[in-house]
Structure formats: structure tokens, C-alpha cells
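Q: Sequence first, predicted coordinates after that:
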Amino acid sequence: MQTPASRITQRNLDSARRTRADRRQLAAFAVAAFLIALFLAIPRHLSAQSDEKAGSQTASNPATTDKDRTDLSLTVYNSNTALVRDVRQVQLRSGTFPLRFEGVSASINPVTVHFRSLTDPSKLNIVEQNYEYDLLDPQKLLKKYVGREVTLVRAESEINTTRYVETKALLLSDNEAPVWKIGDEIVTGIPTDNYKFPDLPGNLYSQPTLIWTLDNRGPASQKIEASYLTEGLNWNADYVLTISRDDKFADLNGWVTLVNNSGVAYDNANLQLVAGKLHQVLPRPRMMASAGLAMTDAKAAPPQFEQENFNEYHLYSLERKTSIENNESKQISLLSGTQVPVEKFLLTEGSRYYYRSSNIGEAITQSVKVYYRFKNSQQNNLGIPLPAGTVRVYQADSRGGTQFVGEDNIEHTPKDETVRINTGDAFDVVCDRKQLDYKRISSDVFELEYQITLRNHKDAPVTVEVREPLGGDWDVLNSNMKWTKLDSTTLGFEVPVDKGGNSTLTYKVRVKW
């Protein structure tokens, strides 16, 4: 049995033991804290060394991106071709070294690349040039890892949970499907949700890149210029012609439709457009692109392009900078003309083969086409070269609305030339053609007689222009209406038709083939 004294002594001993234990625990915590701090300090040190190493690699193998760009110019031709001029301020080392020039078009023509220094061109030369277009995608990345280890990740579902299982595997081949080596087994067809790769191969690029080997004997900081031709950039003109109710005047608004499918965006660029037929050695597919925009408002913004003659083409320069994203269609106002005098006319045309054979019999129906024409002159509030494009014609109806009445393509039209636009076929004017006679005078001489009947169901008189294409040597033997030899192959008539009435043209020709 313990006495009170012994109990006190025991308590003192227990207290001393607890004090020593607490001291040991505190010491252990201190040691652990020191080790943790040391452990955390090591990665930071290594990271700093790694960053320093990466920095030295960047310095030894410099790269330039669009962030270094100081100027960008685009000259776009309406043949799916563009000239790109890219100016950048870069830091270069001395001697011979590679320079990666990133951010170029994916449709670049590498043989057209021209590089020069704007700072000191005599002391910066190209030794070698490569165009890297093997771009990063999952399939190419997998092929680059043939012979290397990849982590396969597979999802396994259990009750209300999904866990991901990772397996290390050696990729033996990747032809039609990957072949793996897992442990000592060769495996194919293994279901995999995704792959994990330890790093990115050096011969895959996230974007098209030019790599130059340069020889620099000049300053470190230089302004360089790269220019090249690329496909994937195209432009065409779109026009809106709004006709007055009386068919006497019109407002013409022109738009440039610029389409970028080159694989790269162009930001804050100087834009120039070249109109004309450009001769190129290799045939390039013409891009059939449409703006897909309804332009029913005839009131366009003031013209933004300055036009000038350039070689045998016409050059249109935008007076401000613009940007166009990849896979984007952009429209810019080109021209505007108001109160342009226009003429509406009806036209029916024959065919050249009519005059080589006998087709006596029933009358055949021939379409009567509706046209508008105007002269591209300063007196008509125009007078600048009109690039080839599509003209969409609108006209106000009796209720004040604007209706679409047709469209037509025009070719490049110089100033002071006449523009003709076919908007469709006349609804209320009908034409019948009938061959009345056919005689073969000799082996190469024929006489033919035709009758053309025009019926007008409109509530106003009309005049129809008749064009007859004739080949060989020909003469008009007789005609019941005045005729005109428009050119060596075209006979022309103007046939008036009263409202609700009809008119018949009869003529006979001798043709020698």
C-alpha cells in the first residue's frame, strides 16, 4: 500500500517523464519542419536551374512570333493568292544560328519566301531555310512515339463511381492501329480513353513555322522583313444596284468581300487588292466563296479605297488598317454612286447553229431576257474601274418596300465602258421563232428565211432588241423591218410591240460557209 509520500513521488516522476516526452516531441517537430523546408527548397533551386537552362536554350535558338510584329501588309489578288509582308523587331545573337519564324500561313508557298534585314541587310544573311508544316495533332503525336513509352488511361466504372487506371506501355507500331508491349505481352485492340505523353517531340509544331539558319555579323536588335505568297486568301466584289420605280436611275454600292482560309489570322494589317487576271505558272483552284450576306440597304458608308493603275492591273488600297481572322469573311465598302442613269431593255437572241440546217416545222418558244445597262463614267457619278463580281438588283415596289429582282456577274470593267446586267426573263413578253424556208444553193451556200413573232401582254408598249448570230459570209436578202449589221457575226433588229399587241419580224439571209 502506497503512502501519501510515495504517491507524491510517483506523481513527480510521471510529470518528469511527460516533460521529457514533450521535449522529444518538440525536437522531432523541429527536425521535421527543417527537413520539409529543405525538401521544398530543393525543387525551387532545381526549377531555377531549369528556367536558367531553358532561357539559355531560348537565347541560343531564338524564335519570333506575331508579338514581335511592327508592321503587316496584305496584297490580295482575286485568284486565291495573296502577298504577305511581315515586319518584326527581333533579338539576334552573333554568328550562325537557327531562327524560328512562327505565325506564317498554313497555305504558304515556301519557294516564294523572301527574307531581309531592314536594319543592316549587308550583315545578316540566310544560310539555309526550312518550312516546318508537320503540325501537331493526336494521330501524328502517337506516331512520333513509336518505340517509346506511353501511359494508357482507361476508365473503370463501379457502383456510382468511376476510377481511372493507368498502364505503362511501349508503343511498338501505329499503322492501322497501335500495337503495344505491356510487360512481356504484345497487346492490340486495348480499349483506351486517352493517352499521356511525357513530352512534346521536337519535330512537331503547333503552328506552321519557317526556320532560317542565319549568319549575323550585325547588331543584336534588328528589324527583319519576311514576304511570301500564300493561297487561301481571296476577294471579290459584290454590288447592290437599286433601281428607281420608273427604271430611269439607280444607286450603285460596291463592296469588297474578303475571305481568309489561309490557316492564320492577320491583325491590324495594311490591305491592298489587285483586280485583273494574274498569270501564274501552276494552275491554282479558284475559291468559290460567297459572302452569304443580304445587302438590301443601298446607302453604303463612304468609299474607303484609293484606286490606282498598277502595271496592267488596278490596285485598290484601303486607307485604314483592318484585321481578318482565319476562316472569316469580311466586307468593306468599295464605292458608292447615286442617281446613275440606267436603261432597261428586252433582248432575245438566236443560236448560230440555226443557219446550218433545216428546221422547218412548228414554231419554237424563245426567251426574252430583261437587262439593265449603264455607262461607268464620271458624268454618271461613277468612273472608277469596277472589279469583277456579282451585281444584285433591287427595286422599290408600290408599297415602298424594296424587292430583289435578279443578279448577274460582271467582268472587270474599265471606266467609260458599259455594264450590262441580266436580271431574268420577261414574264409578259413572249417570243416564237419559226423557220419559213431553207434552200441549199451549192455545197457551201444556203438561203434561210425566219419569222419571229413577239407578243406583249403588258399594259405599256415595249421595244425588243433581236440579235441573230450569223457565221461565215452572209447577206440580208430581204426584211420587213430595218436591220443593222452590229458586227461581222451579228444581225440586229429593234422590234416595237404595242401594249396587248404583237409584232412579226420576217427576214431572209444568204450564208456562205
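A: All right, it came through fine. Residues are numbered from 1 along each chain as shown.
Q: Could you use CA atoms for every contact and neighbour count after this?
A: Noted.
Q: quick one: secondary structure of residue 201?
A: The three-state assignment at residue 201 reads coil, by DSSP: H, G, I helix; E, B strand; the rest coil.
Q: Look at residue 366 and say how many residues are nearby.
A: As a burial measure, residue 366 scores 16 neighbours (other CA atoms under 10 Å).
Q: Next: the one 3 residues further on.
A: Neighbouring residues of residue 369 were enumerated by other CA under 10 Å; the total is 19.
Q: can you check the one 5 residues further on too?
A: For residue 374, the count of nearby residues is 19 (other CA under 10 Å).
Q: before we move on, what about residue 342?
A: 20.
Q: unless I'm mixing things up, residue 431 is touching residue 451, no?
A: No - in this structure residue 431 lies outside contact range of residue 451 using CA atoms under 8 Å: 10.4 Å.
Q: more crowded one of those two?
A: A count of neighbours by other CA under 10 Å puts residue 431 above the other of residue 431 and residue 451, at 20 against 17.
Q: now that one, what's its secondary structure?
A: Residue 431 - assigned by three-state DSSP - is strand.
Q: Run through the bridge partners of it.
A: Judged by DSSP bridges, the bridge partners of residue 431 are residue 366, residue 454.
Q: Tell me which residues are up against the helix or strand containing residue 477.
A: Following DSSP states H and E, one finds residue 477 within strand 473-479. Defining contact as CA atoms under 8 Å, 6 or more residues apart in numbering, one finds that strand 473-479 is touched by 505-513.
Q: how near is residue 433 to residue 121?
A: 73 Å (CA to CA, to the nearest Å).
Q: quick one, which of these two is more surrounded?
A: Just comparing residue 433 and residue 121: by other CA under 10 Å the higher neighbour count belongs to residue 433, 19 against 15.
Q: Give the buried residues for the helix or strand encompassing residue 154.
A: Secondary structure from DSSP H and E places residue 154 in strand 149-158. Neighbour-count burial for strand 149-158 flags 149-154 (criterion: 16 or more other CA atoms under 10 Å).
Q: Report the two of the residues you listed separated the most.
A: 149 and 154 (16.2 Å; CA to CA).
Q: Need phi/psi at residue 67.
A: According to degrees, to the nearest 10, the main-chain angles of residue 67 amount to phi -70, psi -20.
Q: Where does the prediction get shaky in the stretch 351-500 of the chain?
A: Residue ranges of the stretch 351-500 of the chain with pLDDT under 70: 352-358.
Q: what ranges of this structure fall below the confidence cut-off?
A: In the chain (pLDDT under 70), the answer is 1-61, 132-137, 202-207, 277-303, 352-358.
Q: Run through the strands of the stretch 101-250 of the chain in chain order.
A: 114-117, 124-132, 149-158, 161-174, 178-182, 185-188, 194-196, 209-216, 221-231, 233-243, 249-260 (DSSP state E, counting those that start in this stretch).
Q: I meant the stretch 401-513 of the chain, not that one.
A: 402-410, 418-425, 429-440, 445-456, 462-469, 473-479, 483-487, 490-497, 502-512.
Q: Tabulate those strands in a markdown table, adding columns for distance to residue 394.
A: Shown next, in a markdown table, are these (distance: least, CA to CA, whole Å):
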| stretch | distance to residue 394 |
| --- | --- |
| strand 402-410 | 4 |
| strand 418-425 | 10 |
| strand 429-440 | 21 |
| strand 445-456 | 24 |
| strand 462-469 | 21 |
| strand 473-479 | 39 |
| strand 483-487 | 31 |
| strand 490-497 | 26 |
| strand 502-512 | 29 |
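Q: follow-up on the earlier one: how about JSON lines for the strands of the stretch 101-250 of the chain, with distance to residue 318 added?
A: Shown next, in JSON lines, are the strands of the stretch 101-250 of the chain (distance: least, CA to CA, whole Å):
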{"stretch": "strand 114-117", "distance to residue 318": "24"}
{"stretch": "strand 124-132", "distance to residue 318": "31"}
{"stretch": "strand 149-158", "distance to residue 318": "52"}
{"stretch": "strand 161-174", "distance to residue 318": "50"}
{"stretch": "strand 178-182", "distance to residue 318": "53"}
{"stretch": "strand 185-188", "distance to residue 318": "59"}
{"stretch": "strand 194-196", "distance to residue 318": "48"}
{"stretch": "strand 209-216", "distance to residue 318": "29"}
{"stretch": "strand 221-231", "distance to residue 318": "19"}
{"stretch": "strand 233-243", "distance to residue 318": "13"}
{"stretch": "strand 249-260", "distance to residue 318": "11"}
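Q: most tightly surrounded among the ones you listed?
A: strand 233-243 (a mean of 26; mean count of other CA atoms under 10 Å).
Q: Which elements pack onto that strand?
A: Strand 233-243 makes packing contacts with strand 69-77, strand 81-91, strand 249-260, strand 389-396 when contacts are defined by 3 or more CA pairs under 8 Å, 6 or more residues apart in numbering; DSSP states H and E.
Q: got the angle between it and strand 69-77?
A: Inter-element angle recorded for strand 233-243 and strand 69-77: 60 degrees (by axes from the mean of the first three to the mean of the last three CA atoms, to 10 degrees).
Q: Who does strand 233-243 pair with, and is each partner parallel or antiparallel?
A: strand 249-260 (antiparallel), strand 389-396 (parallel).
Q: who touches it?
A: 76-82, 249-262, 273, 287, 295-296, 298, 387-396.
Q: What angle do strand 81-91 and that strand make with each other?
A: Going by the same axes, to 10 degrees, strand 233-243 makes 130 degrees with strand 81-91.
Q: Output strand 233-243 as CSV, nothing but the C-alphas.
A: Provided in CSV are the C-alpha atoms of strand 233-243 (Å, rounded to 0.1, in the frame of the first residue of the first chain):
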residue,chain,number,x,y,z
LEU,A,233,-6.9,34.4,-99.3
ASN,A,234,-9.3,35.7,-101.9
TRP,A,235,-11.5,38.6,-102.6
ASN,A,236,-14.3,39.5,-105.0
ALA,A,237,-16.6,42.5,-105.5
ASP,A,238,-20.3,42.5,-104.7
TYR,A,239,-22.6,45.2,-105.9
VAL,A,240,-26.1,46.4,-104.9
LEU,A,241,-28.0,48.2,-107.7
THR,A,242,-31.2,49.8,-106.5
ILE,A,243,-33.4,50.8,-109.5
